[in-house]
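K.L.:
coords please:
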Amino acid sequence: MRTKPHRALTPLALVVLSLLRERPMHPYEMQQTIRDHHTDEVIKLRAGSLYHTVERLQALGMITAVETARAGRRPERTVYAITERGRDEETRRLP
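P.N.:
Numbers count the residues shown, from 1 in each chain. Next up is the predicted model:
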């Protein structure tokens, strides 16, 4: 049985949707922003969990990749943006 998207959203997923509502960004930038805002004091933040959450939100159609770029010898970075579905779900869960 498939889980309803709103039941699958963790606190970290809601934070990701909120960040992407502000502007598109890549997961590393999300991680830094979460730390800068001290949100990591309230939710558990591990890089692996963040990347897994991003993959899950993309699979649910709540975010989409908008750009993949490489700067010099650094690894590729994929920038994500929130979709209308993700915006609706985030608004519903965080009024």
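K.L.:
pLDDT weak spots in this protein?
P.N.:
By pLDDT under 70, the low-scoring segments of the chain are 1-8, 95.
K.L.:
quick one: the helices in it?
P.N.:
Under the criterion DSSP state H, the chain carries helices at the ranges 5-8, 11-22, 27-36, 47-59, 84-93.
K.L.:
residues making contact with the longest one?
P.N.:
Okay, so that is helix 47-59. Contact with helix 47-59 is made by 8, 10, 12-13, 16-17, 27, 30-31, 63-65, 80, 86, as judged by Cβ atoms under 8 Å, 6 or more residues apart in numbering. Placement of C-beta: from N, CA and C, glycine included.
K.L.:
run the last query once more with 10 Å
P.N.:
5, 8-17, 20, 26-28, 30-31, 34, 43, 45-46, 62-65, 78, 80, 82-83, 85-86, 89 (Cβ atoms under 10 Å, 6 or more residues apart in numbering).
K.L.:
of the residues you listed, buried ones?
P.N.:
By neighbour count, with 16 or more other Cβ atoms under 10 Å, these hold 5, 9, 12-17, 20, 26-27, 30-31, 34, 45, 62-63, 80, 82-83, 86, 89 as buried.
K.L.:
Distance-wise, check the residue positioned nearest the centre of the chain relative to residue 75.
P.N.:
When Cα atoms, centre = their mean is applied to the chain, the residue found nearest the centroid is residue 16 (3.2 Å). Residue 16 sits 20 Å away from residue 75, taking Cβ to Cβ, to the nearest Å as the criterion.
K.L.:
Alright, I will stop here.
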